[in-house]
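Undergrad: Provided below for reference: sequence and predicted model.
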Amino acid sequence: MLALLLGSAGLARAAEVEFVRVWPKWRDAESFKRISEYFDGQENTGSQVVLRSHPEIRSGFYFLARVTHSGPAFSAAKVVLTLITPDSPKAKTYTFMTALSAGDTVFNLGLTGADWAGETVHPVAWKIEVVTTDGRLLGAAKSFLWEKPDK
């Protein structure tokens, strides 16, 4: 009964974007190259949405995120990646603009160029949020170490 009251009042609401899985890892530039690129010189991302902090640089640390979006498509949305790296306890935030379709999407969020220290560096903690351009949170995922657990 309480859930019904909260739901009807708009206080309890399921996220429109559910994160199925997030895989953080380093990727070399060559791992993005497909056979078609040898013929036409254009990067082929297949069905993935590849977003990079420096679009001209492919090598970097990526967050491969599989999401399911139950709401309507958005022609513009933001994917906000916030992370803590070993070199500083202060969080760094990167914002990527993208379209968000309804259904399943695979995002490859890359910190490339000067935004990542190298192949052997791994984030201490991270959080990814999908938000509308007016700031409404659609969904989020975070690493185990992102927040201090309740006692």
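TA: Everything's here; your move. Residues are numbered from 1 along each chain as shown.
Undergrad: how about F19: what's its closest non-neighbour residue?
TA: Closest residue to F19 apart from its sequence neighbours, by CB to CB, 6 or more residues apart in numbering: A141 at 3.6 Å. C-beta coordinates here come from the backbone N, C-alpha and C atoms, glycine included.
Undergrad: work out for me the element the one you found sits within.
TA: Using DSSP states H and E, A141 sits in strand 137-142.
Undergrad: wait, what's in contact with D104?
TA: Residues counted as contacts of D104 (CB atoms under 8 Å, 6 or more residues apart in numbering) are V20, R66, V67, T68, H69.
Undergrad: spatially nearest residue to the first one, not counting backbone neighbours?
TA: Ranked by CB to CB, 6+ apart and with sequence neighbours excluded, the top spatial neighbour of V20 is R66, at 4.2 Å.
Undergrad: quick one: that neighbour and V106 touch, right?
TA: Yes: counting by CB atoms under 8 Å, V106 is a contact partner of R66 at 5.3 Å.
Undergrad: backbone dihedrals for S53, both of them.
TA: phi -70, psi -30 (degrees, to the nearest 10).
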